[in-house]
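>>> below: sequence and its predicted model.
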Amino acid sequence: MTTVAPVALRRKVELTIDGEAVTTREGATILEACRASGIEVPTLCYLETLAPVNACRVCVVEVDGSRALVPACSRPVAPGMVVHTGSERVRTSRRMVLELLASSVDLSTAEGDVHRWIDEYGAQPGRHGPPAAPTERDRARAGEHEPPAVGLAATVAQAVKRDNDQYVRDYSKCILCYKCVEACGEEAQNTFAIAVAGRGFDARISTELDVALPDSACVYCGNCIAVCPTGALMFVSEHDLRARGEWDESRQDVTRTVCPYCGVGCNLELHVQDNRIVKVTSPLDHDVTGGNLCVKGRFGFEFAQGD
Ligand code: SF4
Ligand code: SF4
Ligand code: FES
C-alpha cells in the first residue's frame, strides 16, 4: 500500500516553467503549478473535483526529455522538470484539438473560454467543410461510422433527447470529455446511469441499452449537468429560454443560499432571470458538497415561484 503524506508535510519541488523558476509541492500537477504561477493552460475534460481522465488533450505542454507532449492536468511535477506551455509544438497541437472538436461538435453553448481559445490558437473549424445534415447517430451500427455526403464534414449531429421534465440531452454538443460519466459514477453520485457506449467514431454517452432517462437508473441529481462544459446537458428551463431567444445571462442574478429540504445544508446558487429561477448550481469549492446536489436541491425550486 502506498502511503501519501498530508499536503502540509509534502516536500517542495523546484522546476522551470516558460523559463521561470517555480516552486510547488510534491504531488502537484503541471497544471496546478502553472495556475499558481498565473499561466493559463486550456482544459476541457479537467475539473478540480474529478479525477483526470486525459480525454481531450487540449492541456498538453512540452517537457524537456519527453518525446511526446504531456497532459498538464494529470502529469505530476518532478524536480528539475523544464516545461514549455506556449511553444509552437504545443500551440499546433492545441489548435488541432480545438479545430477538430469545433468542426465535428456544436460548441455554440460551450463555456466562454472555449471560444476565446479557438480565436487565440487560430483554429479554423470551417476548413474541414460545412457540417453534414443531422443524423440519428445513436442508431448507427456499432463500429460503423456513417460516411458524410461528399464535401461535408462528419459530425455527431443527432436529435435532442427530451424524455423528462428536468433536463435535456443534446449529444450533438458532446465532446466526450467523460465528466458526466465520472460525476454519475464513483466520483460523486455512484448511480452509474450513464457510460460511454461504442468505440472510435461511434463512442457516445448513453444510458444502459440507450433507454430513455426515466427508464434508466438516473436519480435526477443533475450532477452531470453541473460538470458538462458544452451545454450538452441542460436544464429544461434554460433549453426552452434559449430556444425562444430569451436566455440572457447579463440579466441574471446569482444568489447563494442554503437548500431548505434537509439538514445537510448544501449551498445552492440560484440563477434568476426576470424574477424566475432558471437553473440551480452549487459552488465547486464547498468542502461538503463539492458542487454536487440531489434532485430536491437541483430541481425542486418550482414551489418558490408557484409552479
Ligand atoms: S442526473 Fe444524476 S443520476 Fe442522472 S445521469 Fe445525471 S449524474 Fe447520473
Ligand atoms: S455530455 Fe457533456 S459532460 Fe458528458 S461527455 Fe459530453 S460534453 Fe462531457
Ligand atoms: S484537460 Fe487535460 S486532457 Fe483534457
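Arrived safely, thanks for sending. Ligands and ions are numbered 1, 2, ... in the order given.

>>> for the stretch 51-200 of the chain, which spans come out with low pLDDT?
133-148 (pLDDT under 70).

>>> residue ranges for the helices of it, please.
Secondary structure of the stretch 51-200 of the chain (DSSP state H, counting those that start in this stretch): helices at 88-104, 112-120, 179-184.

>>> nearest to ligand 3, of those helices?
Closest approach to ligand 3 among the helices of the stretch 51-200 of the chain is made by helix 88-104 (8.8 Å; CB to the nearest ligand atom). Yep, even glycine has a C-beta here, placed from its N, CA and C like the rest.

>>> that older thread, using a markdown table, lay out the helices of the stretch 51-200 of the chain together with distance to Arg256 and mean neighbour count.
Output for the helices of the stretch 51-200 of the chain, formatted as a markdown table (distance: least, CB to CB, whole Å; neighbours: other CB atoms under 10 Å):
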| stretch | distance to Arg256 | mean neighbour count |
| --- | --- | --- |
| helix 88-104 | 32 | 18 |
| helix 112-120 | 21 | 15 |
| helix 179-184 | 21 | 25 |
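
>>> same list (these) but as JSON lines, adding distance to Ser37.
Listed next are the helices of the stretch 51-200 of the chain as JSON lines, based on distance: least, CB to CB, whole Å:
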{"stretch": "helix 88-104", "distance to Ser37": "16"}
{"stretch": "helix 112-120", "distance to Ser37": "18"}
{"stretch": "helix 179-184", "distance to Ser37": "25"}
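
>>> which strands and helices lie in contact with the helix or strand containing Leu15?
Under DSSP states H and E, the secondary-structure element containing Leu15 is strand 12-17. If contacts are counted by 3 or more CB pairs under 8 Å, 6 or more residues apart in numbering; DSSP states H and E, strand 12-17 sits against strand 20-25, helix 30-36, strand 82-84.

>>> among these, which comes closest to Ala110?
helix 30-36 (19.6 Å; CB to CB).

>>> would you mind putting the helices and strands packed on strand 12-17 into a markdown table with distance to Val60 alongside?
A markdown table is the format used below for those (distance: least, CB to CB, whole Å):
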| stretch | distance to Val60 |
| --- | --- |
| strand 20-25 | 18 |
| helix 30-36 | 10 |
| strand 82-84 | 11 |
